[in-house]
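Student: Take this sequence and fold it.
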Amino acid sequence: MTDDGPGSDPAYDAVRRDGVLRITRPDTEWLSTGWNGGRERADCVYNVSVPDDWERTDLEQYVDDRLERAGFGGDDSGPALLTGVDIEDARGARCGPVTAYATAGISNPAALPMDPEGKPDAEGDSLPGRVSTLEAGTVNVVVGTTRALAPGALANLVAVAAEAKAATLLAETGFPGTTTDAVVVGHDPAGESVEFTGSATEVGAATRACVREAVRASLQAHYDDGEFSLPESVDDASYGVSTDVRAAVFQPSVESVPNER
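Tutor: A predicted model of the protein is given here:
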(Lines give C-alpha, C1' and ligand atoms only; values in the text may rest on other atoms or scores of the structure.)
Protein backbone atom coordinates (compact mmCIF):
# COMPACT_ATOMS: atom_id res chain seq x y z
CA MET A 1 0.00 0.00 0.00
CA THR A 2 1.13 3.53 -0.71
CA ASP A 3 0.66 6.79 1.14
CA ASP A 4 -2.51 8.72 0.61
CA GLY A 5 -2.55 11.42 -2.02
CA PRO A 6 -5.19 13.60 -3.64
CA GLY A 7 -7.94 11.41 -5.02
CA SER A 8 -6.54 8.20 -3.51
CA ASP A 9 -8.32 5.87 -1.11
CA PRO A 10 -7.36 6.12 2.58
CA ALA A 11 -4.56 3.76 3.58
CA TYR A 12 -6.72 2.99 6.62
CA ASP A 13 -10.08 2.19 5.07
CA ALA A 14 -13.35 2.32 7.04
CA VAL A 15 -16.93 1.11 6.68
CA ARG A 16 -20.07 1.78 8.75
CA ARG A 17 -22.50 -0.99 9.51
CA ASP A 18 -25.25 -1.24 12.15
CA GLY A 19 -23.79 1.40 14.47
CA VAL A 20 -20.20 0.16 14.18
CA LEU A 21 -17.30 1.84 12.40
CA ARG A 22 -14.61 -0.64 11.33
CA ILE A 23 -11.21 0.77 10.38
CA THR A 24 -8.93 -1.67 8.56
CA ARG A 25 -5.28 -2.05 7.58
CA PRO A 26 -3.71 -5.53 7.61
CA ASP A 27 -1.16 -6.41 10.30
CA THR A 28 -1.28 -3.05 12.07
CA GLU A 29 0.09 -2.48 15.56
CA TRP A 30 -2.35 -0.40 17.60
CA LEU A 31 -1.97 1.48 20.87
CA SER A 32 -5.28 2.24 22.57
CA THR A 33 -6.15 4.40 25.58
CA GLY A 34 -9.70 3.05 25.62
CA TRP A 35 -11.34 0.16 27.39
CA ASN A 36 -9.15 -2.95 27.38
CA GLY A 37 -6.44 -0.83 25.76
CA GLY A 38 -2.71 -1.11 25.36
CA ARG A 39 -0.68 -2.46 22.43
CA GLU A 40 -2.25 -4.99 20.11
CA ARG A 41 -1.51 -6.31 16.63
CA ALA A 42 -4.65 -6.71 14.54
CA ASP A 43 -6.16 -5.96 11.13
CA CYS A 44 -9.04 -3.84 12.47
CA VAL A 45 -10.09 -1.34 15.10
CA TYR A 46 -13.71 -0.49 15.94
CA ASN A 47 -15.79 2.44 17.16
CA VAL A 48 -19.11 1.20 18.53
CA SER A 49 -22.09 3.49 19.09
CA VAL A 50 -24.19 2.71 22.18
CA PRO A 51 -27.85 3.66 22.80
CA ASP A 52 -29.12 6.34 25.16
CA ASP A 53 -29.20 5.39 28.85
CA TRP A 54 -26.70 2.61 28.18
CA GLU A 55 -25.55 1.03 31.44
CA ARG A 56 -23.91 -2.27 30.46
CA THR A 57 -20.84 -3.28 32.48
CA ASP A 58 -20.00 -6.55 30.66
CA LEU A 59 -18.09 -4.61 28.03
CA GLU A 60 -16.26 -7.52 26.39
CA GLN A 61 -19.46 -9.47 25.84
CA TYR A 62 -21.29 -6.35 24.66
CA VAL A 63 -18.62 -5.50 22.10
CA ASP A 64 -18.48 -9.10 20.86
CA ASP A 65 -22.26 -9.15 20.45
CA ARG A 66 -22.31 -5.85 18.57
CA LEU A 67 -19.53 -6.92 16.20
CA GLU A 68 -21.32 -10.22 15.56
CA ARG A 69 -24.61 -8.44 14.91
CA ALA A 70 -22.90 -6.08 12.48
CA GLY A 71 -21.34 -8.99 10.60
CA PHE A 72 -17.82 -8.28 11.85
CA GLY A 73 -17.62 -11.24 14.21
CA GLY A 74 -15.32 -13.24 11.94
CA ASP A 75 -12.82 -10.43 11.51
CA ASP A 76 -9.45 -10.21 13.22
CA SER A 77 -10.91 -8.21 16.09
CA GLY A 78 -8.70 -5.49 17.50
CA PRO A 79 -9.19 -2.55 19.89
CA ALA A 80 -12.72 -1.25 20.33
CA LEU A 81 -13.96 2.14 21.51
CA LEU A 82 -17.47 2.98 22.72
CA THR A 83 -19.31 6.21 21.97
CA GLY A 84 -22.67 7.83 22.56
CA VAL A 85 -22.38 9.56 19.19
CA ASP A 86 -24.23 8.11 16.20
CA ILE A 87 -21.76 6.42 13.85
CA GLU A 88 -23.42 8.30 10.97
CA ASP A 89 -21.66 11.37 12.41
CA ALA A 90 -18.19 9.80 12.10
CA ARG A 91 -15.84 11.66 9.81
CA GLY A 92 -12.38 10.91 8.42
CA ALA A 93 -9.47 13.00 7.15
CA ARG A 94 -6.21 12.13 5.44
CA CYS A 95 -2.92 13.94 4.93
CA GLY A 96 0.29 12.39 3.60
CA PRO A 97 1.06 9.18 5.53
CA VAL A 98 -1.76 9.66 8.07
CA THR A 99 -5.49 8.93 8.17
CA ALA A 100 -7.73 9.86 11.11
CA TYR A 101 -11.34 9.17 12.07
CA ALA A 102 -13.38 10.85 14.78
CA THR A 103 -16.76 10.85 16.47
CA ALA A 104 -17.44 13.89 18.62
CA GLY A 105 -20.15 14.86 21.08
CA ILE A 106 -19.95 17.21 24.09
CA SER A 107 -22.87 16.32 26.38
CA ASN A 108 -20.35 15.45 29.14
CA PRO A 109 -17.67 18.20 28.98
CA ALA A 110 -14.59 18.13 31.19
CA ALA A 111 -13.65 21.74 31.94
CA LEU A 112 -10.24 22.78 33.26
CA PRO A 113 -10.47 26.35 34.58
CA MET A 114 -7.14 28.18 34.84
CA ASP A 115 -8.29 30.05 37.96
CA PRO A 116 -9.98 27.35 40.05
CA GLU A 117 -11.85 28.28 43.21
CA GLY A 118 -10.68 25.35 45.34
CA LYS A 119 -7.89 25.37 47.91
CA PRO A 120 -4.57 23.56 47.31
CA ASP A 121 -4.73 19.86 48.15
CA ALA A 122 -1.38 19.82 49.94
CA GLU A 123 -1.97 16.51 51.70
CA GLY A 124 -2.57 14.54 48.53
CA ASP A 125 -6.01 13.47 49.71
CA SER A 126 -8.14 11.49 47.30
CA LEU A 127 -10.48 13.65 45.28
CA PRO A 128 -14.17 13.01 44.75
CA GLY A 129 -14.82 11.32 41.44
CA ARG A 130 -17.74 10.31 39.31
CA VAL A 131 -18.36 7.85 36.52
CA SER A 132 -19.94 9.51 33.51
CA THR A 133 -22.34 7.70 31.24
CA LEU A 134 -21.70 7.99 27.52
CA GLU A 135 -25.08 9.50 26.63
CA ALA A 136 -24.57 11.67 23.51
CA GLY A 137 -21.00 12.52 24.37
CA THR A 138 -17.44 11.27 24.04
CA VAL A 139 -14.76 12.24 21.53
CA ASN A 140 -13.10 9.17 20.04
CA VAL A 141 -10.13 9.57 17.70
CA VAL A 142 -8.41 6.84 15.66
CA VAL A 143 -5.16 7.72 13.87
CA GLY A 144 -3.24 5.45 11.51
CA THR A 145 0.04 6.02 9.71
CA THR A 146 1.71 4.03 6.95
CA ARG A 147 5.08 4.65 8.61
CA ALA A 148 6.72 2.14 10.98
CA LEU A 149 7.10 3.96 14.29
CA ALA A 150 9.64 3.35 17.02
CA PRO A 151 7.99 2.34 20.33
CA GLY A 152 8.39 5.80 21.82
CA ALA A 153 7.18 7.46 18.62
CA LEU A 154 3.96 5.41 18.68
CA ALA A 155 3.32 6.37 22.31
CA ASN A 156 4.07 10.01 21.54
CA LEU A 157 1.54 9.95 18.71
CA VAL A 158 -1.17 9.49 21.35
CA ALA A 159 -0.06 12.78 22.92
CA VAL A 160 0.05 14.53 19.54
CA ALA A 161 -3.46 13.34 18.67
CA ALA A 162 -4.83 14.25 22.12
CA GLU A 163 -3.29 17.72 21.90
CA ALA A 164 -4.83 18.30 18.48
CA LYS A 165 -8.19 17.05 19.74
CA ALA A 166 -8.07 19.38 22.76
CA ALA A 167 -7.03 22.40 20.68
CA THR A 168 -9.84 21.77 18.18
CA LEU A 169 -12.45 21.27 20.88
CA LEU A 170 -11.37 24.42 22.72
CA ALA A 171 -11.70 26.44 19.53
CA GLU A 172 -15.05 24.92 18.56
CA THR A 173 -16.74 24.34 21.94
CA GLY A 174 -14.75 26.05 24.70
CA PHE A 175 -13.97 22.70 26.36
CA PRO A 176 -10.73 20.68 25.97
CA GLY A 177 -12.51 17.35 26.08
CA THR A 178 -15.18 15.19 27.69
CA THR A 179 -15.10 12.79 30.62
CA THR A 180 -14.86 9.72 28.38
CA ASP A 181 -12.54 10.62 25.48
CA ALA A 182 -10.22 7.98 24.00
CA VAL A 183 -7.48 7.79 21.37
CA VAL A 184 -6.21 4.85 19.31
CA VAL A 185 -3.09 5.18 17.16
CA GLY A 186 -1.76 2.63 14.70
CA HIS A 187 1.30 2.12 12.50
CA ASP A 188 2.50 -0.25 9.79
CA PRO A 189 5.47 -2.29 11.12
CA ALA A 190 6.50 -2.95 7.49
CA GLY A 191 6.52 0.72 6.50
CA GLU A 192 9.31 3.28 6.32
CA SER A 193 10.95 3.59 9.75
CA VAL A 194 10.34 6.76 11.75
CA GLU A 195 11.97 7.56 15.09
CA PHE A 196 9.98 10.66 16.10
CA THR A 197 6.38 11.89 15.78
CA GLY A 198 6.49 15.36 17.35
CA SER A 199 4.46 18.22 15.92
CA ALA A 200 7.36 19.33 13.67
CA THR A 201 7.74 15.90 12.02
CA GLU A 202 5.93 14.67 8.92
CA VAL A 203 3.79 12.19 10.84
CA GLY A 204 3.12 14.57 13.73
CA ALA A 205 2.12 17.50 11.53
CA ALA A 206 -0.13 15.30 9.39
CA THR A 207 -1.74 13.85 12.52
CA ARG A 208 -2.51 17.29 13.89
CA ALA A 209 -4.12 18.33 10.60
CA CYS A 210 -6.13 15.12 10.26
CA VAL A 211 -7.41 15.15 13.84
CA ARG A 212 -8.39 18.81 13.58
CA GLU A 213 -10.39 18.28 10.41
CA ALA A 214 -12.00 14.99 11.46
CA VAL A 215 -13.07 16.23 14.90
CA ARG A 216 -14.39 19.52 13.51
CA ALA A 217 -16.35 17.73 10.77
CA SER A 218 -17.83 15.22 13.20
CA LEU A 219 -18.91 18.00 15.56
CA GLN A 220 -20.65 19.76 12.68
CA ALA A 221 -22.38 16.55 11.61
CA HIS A 222 -23.49 15.83 15.19
CA TYR A 223 -24.89 19.28 15.96
CA ASP A 224 -25.98 20.79 12.65
CA ASP A 225 -29.22 18.80 12.43
CA GLY A 226 -30.55 20.50 15.58
CA GLU A 227 -31.15 17.29 17.56
CA PHE A 228 -28.39 18.19 20.01
CA SER A 229 -27.01 21.55 21.13
CA LEU A 230 -23.57 22.45 22.43
CA PRO A 231 -23.56 23.22 26.17
CA GLU A 232 -22.37 26.69 27.12
CA SER A 233 -21.00 25.49 30.48
CA VAL A 234 -20.62 22.35 32.57
CA ASP A 235 -23.76 23.33 34.50
CA ASP A 236 -25.62 23.62 31.20
CA ALA A 237 -24.55 20.13 30.11
CA SER A 238 -26.36 16.85 30.73
CA TYR A 239 -23.23 15.51 32.41
CA GLY A 240 -19.77 16.85 32.99
CA VAL A 241 -17.08 17.86 35.44
CA SER A 242 -14.95 20.90 36.18
CA THR A 243 -11.58 20.42 37.85
CA ASP A 244 -11.89 23.20 40.43
CA VAL A 245 -9.46 21.75 42.97
CA ARG A 246 -6.01 23.32 43.17
CA ALA A 247 -2.88 21.21 43.38
CA ALA A 248 -0.09 22.23 45.79
CA VAL A 249 2.98 23.47 43.89
CA PHE A 250 6.46 22.62 45.16
CA GLN A 251 10.06 22.73 43.99
CA PRO A 252 12.08 19.50 43.98
CA SER A 253 14.78 19.43 46.66
CA VAL A 254 18.47 19.82 45.85
CA GLU A 255 20.83 16.97 46.58
CA SER A 256 24.58 17.22 46.42
CA VAL A 257 26.53 14.96 44.09
CA PRO A 258 28.08 12.03 46.01
CA ASN A 259 31.87 12.09 46.25
CA GLU A 260 33.53 9.80 43.79
CA ARG A 261 35.49 6.99 45.36
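Student: wait, isn't Asp244 in contact with Gly118?
Tutor: Yes: counting by CB atoms under 8 Å, Gly118 is a contact partner of Asp244 at 4.7 Å. Where C-beta positions appear, they are placed from N, C-alpha and C, glycine not excepted.
Student: Tell me the strands beside the helix or strand Val143 falls within, with direction?
Tutor: Per DSSP states H and E: Val143 is located in strand 138-145. Strand pairing for strand 138-145, determined by DSSP bridges: strand 98-105 (antiparallel), strand 182-187 (parallel).
Student: can you list those in JSON lines and add mean pLDDT?
Tutor: Formatted as JSON lines, the strands paired with strand 138-145 follow (pLDDT from 0 to 100):
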{"stretch": "strand 98-105", "mean pLDDT": "97"}
{"stretch": "strand 182-187", "mean pLDDT": "98"}
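Student: Pipe those strands into JSON lines and attach mean neighbour count and distance to Trp35 per row.
Tutor: Listed next are those as JSON lines, based on neighbours: other CB atoms under 10 Å; distance: least, CB to CB, whole Å:
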{"stretch": "strand 98-105", "mean neighbour count": "29", "distance to Trp35": "15"}
{"stretch": "strand 182-187", "mean neighbour count": "27", "distance to Trp35": "8"}
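Student: Format these as TSV; extra columns: distance to Ala209.
Tutor: Below are the strands paired with strand 138-145 laid out as TSV (distance: least, CB to CB, whole Å):
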stretch	distance to Ala209
strand 98-105	8
strand 182-187	15
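Student: Relative to Ser199, which of those is closest?
Tutor: Ser199 lies closest, by CB to CB, to one member of those: strand 98-105, at 12.7 Å.
Student: Is the most centrally placed residue in the chain bridged to anything, and to what?
Tutor: Nearest residue to the geometric centre of the chain (CA atoms, centre = their mean): Val183, 2.5 Å. Using DSSP bridges, the bridge partners assigned to Val183 are Val141.
Student: In contact with it, which residues are there?
Tutor: Listed by CB atoms under 8 Å, 6 or more residues apart in numbering, the contact partners of Val183 are Ser32, Thr33, Gly34, Asn140, Val141, Val142, Val143, Val158, Ala161, Ala162, Lys165.
Student: ok, and for stretch 198-210, which residues are buried?
Tutor: Thr201, Glu202, Val203, Gly204, Ala205, Ala206, Thr207, Arg208, Ala209, Cys210 (16 or more other CB atoms under 10 Å).
Student: Show me how far it is from its chain's centre.
Tutor: Centroid displacement of stretch 198-210 relative to its chain, using CA atoms, centre = their mean, to the nearest Å, is 16 Å.
Student: Need the residues that contact it.
Tutor: 93-100, 143, 145, 147, 149, 153, 156-157, 160-161, 163-164, 194, 196-197.
Student: Show the secondary-structure elements that the lowest-mean-pLDDT helix or strand in the chain is packed against.
Tutor: Ranked by mean pLDDT, DSSP states H and E, the weakest helix or strand in the chain is strand 241-242, scoring a mean of 91. For strand 241-242, the elements it packs on are strand 110-111, judged by 3 or more CB pairs under 8 Å, 6 or more residues apart in numbering; DSSP states H and E.
Student: Now for Tyr62: which residues touch it?
Tutor: Under the criterion of CB under 8 Å, 6+ apart, the neighbours of Tyr62 are Arg56.
Student: Which parts of the stretch 151-261 of the chain are helices?
Tutor: 151-173, 202-223 (DSSP state H, counting those that start in this stretch).
Student: Run through who's touching the first one.
Tutor: In other words, helix 151-173. 29, 31, 33, 100, 102, 104, 106, 109, 139, 141, 143, 145, 149, 175-177, 181, 183, 185, 187, 194-199, 203-204, 207-208, 211-212, 215-216, 219, 230.
Student: model confidence over that helix, on average?
Tutor: What helix 151-173 shows for mean pLDDT is 98.
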